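Participant: With the sequence up front, the predicted model follows.
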Amino acid sequence: ENQQTSPPLQCLLLELQEREARTNPTNMSRRESFGIHDQAFHVGRAELLQWINSLLGLHYTKVEQCANGAAYCLMLNATFQEDVIGPRKILIEAKLQHDIVKNYKLLQAAFTKKGINKYVDVERLVKAK
């Protein structure tokens, strides 16, 4: 079984770490860029799922369940310790494409609101690629 983690989740986690390093004065010694050889790219699925479920209070059994975008929205709220995205707006059980797209649009709007310059490729993410 392929032990690589979801590329969209890796990008989100790395972007959030990068932003934290830039904005938090206590992290000035941390490097400000991450590459493919960073340890975040070499985390197993089981460890990633355990972290997601623990952080967000979810019960995901597969990384692919993140494809509906809800976990990414919740992670953003957890990272900034505020409701960047209103919890009622996040469609946790989104299964239909138009609901999934809504979650990713919320995520993109939150990135913009927080000054995170990262494009959310909705078409690719909806397909869990």
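Facilitator: All right, it came through fine.
Participant: Could you look up the SS state of residue 35?
Facilitator: Three-state call for residue 35 (DSSP: H, G, I helix; E, B strand; the rest coil): coil.
Participant: what about it, distance to residue 42?
Facilitator: Going from residue 35 to residue 42 by CB to CB, to the nearest Å gives 12 Å. Heads up, the C-betas are built off the backbone N, CA and C, glycines and all.
Participant: With residue 16 instead?
Facilitator: For residue 16, the distance to residue 42 - CB to CB - is 18 Å.
Participant: The two: who's more crowded?
Facilitator: Applying other CB atoms under 10 Å to residue 16 and residue 42 shows that residue 16 carries more neighbours, namely 19 against 11.
Participant: Might one say that that one is in contact with residue 77?
Facilitator: No: with contact defined as CB atoms under 8 Å, residue 16 does not count as touching residue 77 (11.3 Å).
Participant: Please determine how far residue 55 is located from residue 123.
Facilitator: 27 Å.
Participant: between these two, which one's more packed in?
Facilitator: The neighbour count for residue 55 versus residue 123, taken as other CB under 10 Å, is higher for residue 55 (13 against 10).
Participant: Let me know the helix or strand that that one is in.
Facilitator: Assessed by DSSP states H and E, residue 55 sits inside helix 45-56.
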